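Q: the following comprises the amino acid sequence and a computationally predicted model.
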Amino acid sequence: MSDGVWAAPGRVNLIGEHTDYNDGFVMPFALPHTTVATVTRRDDGWLRLHSADAEGGPVELRVGDLRPGGPGGWTDYPAGVVWALREAGHAVDGADIHYESTVPTGAGLSSSAALEVVTALALSDLYELGLDRGSIARLCRRAENVYVGAPTGIMDQTASACCTEGHALYLDTRDLTRRQIPFDPAAHGLRLLVMDTRVTHAHSEGEYGKRRTGCEAGAAALGVNALRDIAYDALDTALARLDDGELRRLVRHVVTENHRVERAIMHLEADEAELIGPVLSEGHVSLRDDFRVSCPELDLVVDSALAAGALGARMTGGGFGGSAVVLTRTSSADRVSKAVLEAFAAQSRIAPRIFTATAAAGARRLS
Ligand code: GLA
């Protein structure tokens, strides 16, 4: 078969934020929203990309001319994947690809990872490369880091490639081992709401890079490879060794956040899903005050949701806009949503987009 249809989902991160570039732990799950690619293999050296959501006609690129630092825009993601495949020695010589997506863009729900992963999976199948899911995630991260030039970790690509329905994915970003953790809020009378603030603050990319560099400086000052190496029990001793208040805050966030992932897993595995609520909320305070990647809109979602009786709430993803996750009892979900919308209206802010998240399947071939 020289053509087919593939899908890859966006993701939301339940807990474990800004830990993936510190060799730490994350726990995302896949959303039902997907990017679907209809792909025909071609072997004439041309890559033809078309998106139902982009203005204008198809973009045509010669695969042999692909180099990091592309023109910018959405085509950099699939082009970067083709570049990374070829660079890894896979003789991918072109394709016609048409994309349609239901993953909200600019919402911190990994629409770019969905685009990368669906491209890599389709090309792996069509060119019979036999890439496993972990390799696809690594290759897509390389496309994003080197070709697109965004210094992200590996969480988003792994979530899109490796999640399974009804589970959150526990990923150790150091050795890349994965464990599927059953996650079905509805079965516990709970709901996980995603609230997309519909704002993205302009400086988000630069600030992400600064946090990453700061974490590396913290690890260097403490004489470890990565902040993952600071055990939760050793945090106070580590903090006492740092003079710089900024570094202390970054280190404290990463070390406590890794611990929160472990606490969340413990609760989920003990079938006490509602107990992750306070863990999520603590995570938000840490991201807001120590890591300083929140923003007024995310804080307003969290504060108004908690005031209305949510069990827990936190920003999710890189921060500076995008989405928050809110855990509620099913019986209070409508009340909490209404309270958040009212709080935004009272401040004359754009209304967040709210939906109930369920843990959906990772990337797959549809036909
Ligand atoms: C973005 C990055 C991820 C991760 C998160 C923060 O989504 O793409 O790699 O670092 O931010 O947890």
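A: Yes, it's here. Numbers count the residues shown, from 1 in each chain.
Q: for Pro278, give me its contacts.
A: 311-312 (Cβ atoms under 8 Å, 6 or more residues apart in numbering). No exception for glycine: its C-beta is placed from N, CA and C like everyone else's.
Q: switch to 7 Å and redo it
A: Gly312 (Cβ atoms under 7 Å, 6 or more residues apart in numbering).
Q: which SSE is it in?
A: Using DSSP states H and E, Pro278 falls within helix 276-285.
Q: what segments of this structure are strands?
A: Along the chain, the stretches classed as strands by DSSP state E are 3-15, 25-41, 46-51, 59-62, 95-101, 167-172, 178-182, 190-200, 312-315, 321-329, 353-356, 364-365.
Q: what about the closest residue to the ligand within the stretch 251-367 of the chain, neighbour count?
A: Nearest to the ligand, among the residues of the stretch 251-367 of the chain, is Gly318, at 3.4 Å (Cβ to the nearest ligand atom). Number of residues near Gly318 (other Cβ atoms under 10 Å) recorded here: 23.
Q: now swap in Gly57 and tell me
A: For Gly57, the count of nearby residues is 8 (other Cβ under 10 Å).
Q: pLDDT wise, what is it at?
A: On the pLDDT scale, Gly57 is placed at 91.
Q: just give the nearest non-adjacent residue to it, would you?
A: His50 (7.1 Å; Cβ to Cβ, 6 or more residues apart in numbering).
Q: if I look at the one you found, how far off is the ligand?
A: 25 Å (Cβ to the nearest ligand atom, to the nearest Å).
Q: quickly list what that residue is bridged to.
A: His98 (DSSP bridges).
Q: thought Leu61 was touching it, still the case?
A: No - His50 lies out of contact with Leu61 (Cβ atoms under 7 Å); the separation is 12.0 Å.
Q: which parts of the stretch 101-250 of the chain are helices?
A: 111-126, 133-142, 155-162, 204-222, 235-240, 245-269 (DSSP state H, counting those that start in this stretch).
Q: can I get those in JSON lines with mean neighbour count and distance to Arg364?
A: Below are the helices of the stretch 101-250 of the chain laid out as JSON lines (neighbours: other Cβ atoms under 10 Å; distance: least, Cβ to Cβ, whole Å):
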{"stretch": "helix 111-126", "mean neighbour count": "28", "distance to Arg364": "8"}
{"stretch": "helix 133-142", "mean neighbour count": "23", "distance to Arg364": "11"}
{"stretch": "helix 155-162", "mean neighbour count": "30", "distance to Arg364": "10"}
{"stretch": "helix 204-222", "mean neighbour count": "17", "distance to Arg364": "30"}
{"stretch": "helix 235-240", "mean neighbour count": "14", "distance to Arg364": "41"}
{"stretch": "helix 245-269", "mean neighbour count": "20", "distance to Arg364": "24"}
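Q: these into JSON lines, with extra columns for distance to Gly69 and mean pLDDT?
A: Converted to JSON lines, the helices of the stretch 101-250 of the chain look like this (distance: least, Cβ to Cβ, whole Å; pLDDT from 0 to 100):
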{"stretch": "helix 111-126", "distance to Gly69": "17", "mean pLDDT": "98"}
{"stretch": "helix 133-142", "distance to Gly69": "14", "mean pLDDT": "98"}
{"stretch": "helix 155-162", "distance to Gly69": "20", "mean pLDDT": "99"}
{"stretch": "helix 204-222", "distance to Gly69": "15", "mean pLDDT": "96"}
{"stretch": "helix 235-240", "distance to Gly69": "38", "mean pLDDT": "98"}
{"stretch": "helix 245-269", "distance to Gly69": "29", "mean pLDDT": "98"}
